[in-house]
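J.: need coordinates for the following:
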Amino acid sequence: MTWWADRYGDERMLVAYLSMEFGLDERLPIYAGGLGVLAGDHLKSASDLGVPAVAVGLFYRRGYFRQAIEDGRQVERYEDADPAALGLEREAVEIEVELAGAPVVARIWRKDVGRVPLYLLDADGIEPALYAGDRRARIRQEIVLGVGAIRALAALGHEPTVYHLNEGHAAFAALERLRRGESLEELRATTVFTTHTPVPAGNEVFDQALVREELGSLVERSRLEWGDVLALGEHEGEGFGMTPLALRTSGYANGVSRLHGVVSREMWAPLWPGVSVGEVPIQHVTNGVHAPSWITAPLLALLEAAGVDPAAAPGEERWEQARALDGDALWDVHQAQKRSLAERIGIDAEALTIGFARRFAAYKRAALLFSDPQRLQALPIQIVIAGKAHPADEDGKELLAGIVARSRDPSFPGCVVFVEDYDLDVARALVSGVDVWLNTPLRPLEASGTSGMKAALNGVPNVSVLDGWWEEAYEPQIGWAIAGTGAEDAAALYGLLENEVVPRYLDRRDEWIATMKESIARVGPRFTSARMVAEYTERFYVPAHRAALPTGRR
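T.: I've put the predicted structure just below:
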């Protein structure tokens, strides 16, 4: 019996989960980074728990770019993808979506994620790559995602009772539902919206004239008035914001960590004039990761032998049993993963290895560790770095080029290694093969972050700024913390490495192994996607479902 069946019996709820990205497999390039990987883990846990769900995204014929480094700089290369060769199955139905008044046909591909069907819309006439093209290309993708998702689900015979928008990209779904006859009150009662970033660039804003041009026929054929539509997306007096549209049409809204919830309430308080910041209706559900997917197989076997079941329902995994692991066995498992990583990327399998892997954006401060080269050179460590810069982010590309230059600097012989083309496969190798996971964002701009959770579940301690998930998770028994507020952070980081991290690793192995065990035991119960999906279900999905349906249909 599944977790859902045990708690809710035959209650006929169906959640439609809409997202621009889904990170399920490195061979299916429909994800760019954390947003998509989170969506993939969400579907996996919904399946594990038996939560009735269906998901909709886009199939990108050219996917997300493959990264190469040429002359020290990132080069983006796109490869055509064959959906059938990727294991997708073509559905018999097609849909139409109007873009600037002209109908665009979208095919529908299906990939089952356990019990959860994922439908991917494959439309001619839109940009075939993820996060590529100009503003018109982007809004067309988002119209196909939002409007097309509602039409595709209807054509396939699905009748969702709850809609979950994973970021604002899918918010045009609200306009299609209004066009089909739902009231704004009904829409809000059944919609959950998750915002993922406090960084302005991550919250999509379109020119109002462009919105009118592309969505004109949809609005004209509905009961909607343009003034009402523009008011739903109004952003700071000008522009049409996808996050404001989602917030104004959702009865349940959340950030992705406790701190991000606070930041989101402050950030979006103007949408609720006269409401105090503390009463702004944005809650938080902290992200989590799919433990069975991210814990390496040898460690999974070791945990299961000790009585831990990472695949069990929330509260039944017995993560505390990780403290009973044989220390030598845990060390040996990690060293085997480290040797595998060393062979793969050409590093020293014996040296203390620090991992840093994420999107290259200025606020993530990838260069913080290199701010004092002499002090860094004196440390007996090696650094493994991976990540991509958004193809339109020139500042991010400059930052990445600087890191690549460091990796080739003869004054850092073998100390810094940059791993090209970061993807799910590289991520799994890094979070299980390095000794320390580093994260240095400028607080409070990291909404959550999940790579550190994956490392911790593999027994890898974190050294991180007190931002996102680490602000909730940090305890001295599982890693080290940096304030993350400005100029003193580099000095604090060097001090931790010199005085605590390196001595513990080199001279006090028993303490290090104890930290590894505690990382698993303390992070496991609180930061898995099973806990996350169960929380969404109990706090948002079920109340939304029950509020929207007559008693006889529950």
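J.: what's the domain layout of this structure?
T.: 3-287+532-553, 291-527 (automatic domain parsing).
J.: how about a markdown table for the ones you listed, with mean neighbour count added?
T.: Where C-beta positions appear, they are placed from N, C-alpha and C, glycine not excepted. As requested, the domains of the chain are exported to a markdown table (neighbours: other Cβ atoms under 10 Å):
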| stretch | mean neighbour count |
| --- | --- |
| domain 3-287+532-553 | 19 |
| domain 291-527 | 19 |
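J.: now whichever helix or strand residue 143 is part of: average pLDDT?
T.: Using DSSP states H and E, residue 143 sits in helix 135-155. Here helix 135-155 scores 98 as its mean pLDDT.
J.: try stretch 214-221
T.: 91.
J.: who touches that stretch?
T.: Contacts of stretch 214-221 from elsewhere in the structure, counted by Cβ atoms under 8 Å, 6 or more residues apart in numbering, are 98-101, 136, 139-140, 143, 147, 172, 175-176, 179, 212, 225-226, 229.
J.: so what's residue 263 up against?
T.: Residue 263 makes contacts with 198, 255, 444, 447, as judged by Cβ under 8 Å, 6+ apart.
J.: render the CA-only coordinates of stretch 534-542 in CSV, please.
T.: What follows is stretch 534-542, C-alpha atoms only, in CSV (Å, rounded to 0.1, in the frame of the first residue of the first chain):
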residue,chain,number,x,y,z
ALA,A,534,4.1,14.7,1.4
GLU,A,535,4.2,18.3,2.7
TYR,A,536,2.8,19.7,-0.5
THR,A,537,0.1,17.1,-0.5
GLU,A,538,-1.0,17.6,3.1
ARG,A,539,-0.8,21.4,3.3
PHE,A,540,-1.8,22.4,-0.3
TYR,A,541,-3.0,19.6,-2.6
VAL,A,542,-5.6,18.0,-0.4
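J.: can you get me the centre-to-centre distance for it and its chain?
T.: Chain-centre distance of stretch 534-542: 19 Å, with Cα atoms, centre = their mean, to the nearest Å.
J.: what's the answer for stretch 133-148, then?
T.: Counting by Cα atoms, centre = their mean, stretch 133-148 is centred 20 Å from the centre of its parent chain.
J.: hmm, who's touching that stretch?
T.: Contacts to stretch 133-148, defined as Cβ under 8 Å, 6+ apart, come from residues 18, 20, 56-58, 95, 97, 99, 104, 106, 121, 123, 125-127, 131, 169-176, 204, 206-207, 210-211, 214-215, 218, 242.
J.: narrow the residues you listed to those in strands?
T.: Counted as lying in strands by DSSP state E, out of those, are 18, 56-58, 95, 97, 99, 104, 106, 121, 123, 206.
J.: out of those residues, the closest to residue 153 would be?
T.: Distance ranking of the ones in strands among the contacts of stretch 133-148 against residue 153, using Cβ to Cβ, places residue 56 first at 6.7 Å.
J.: just checking, the closest one touches residue 153?
T.: Yes: the pair residue 56 / residue 153 is scored as a contact, 6.7 Å apart, by Cβ atoms under 8 Å.
J.: overlap in contacts of these two?
T.: Counting by Cβ under 8 Å, 6+ apart, the residues touching both residue 56 and residue 153 are 16, 119.
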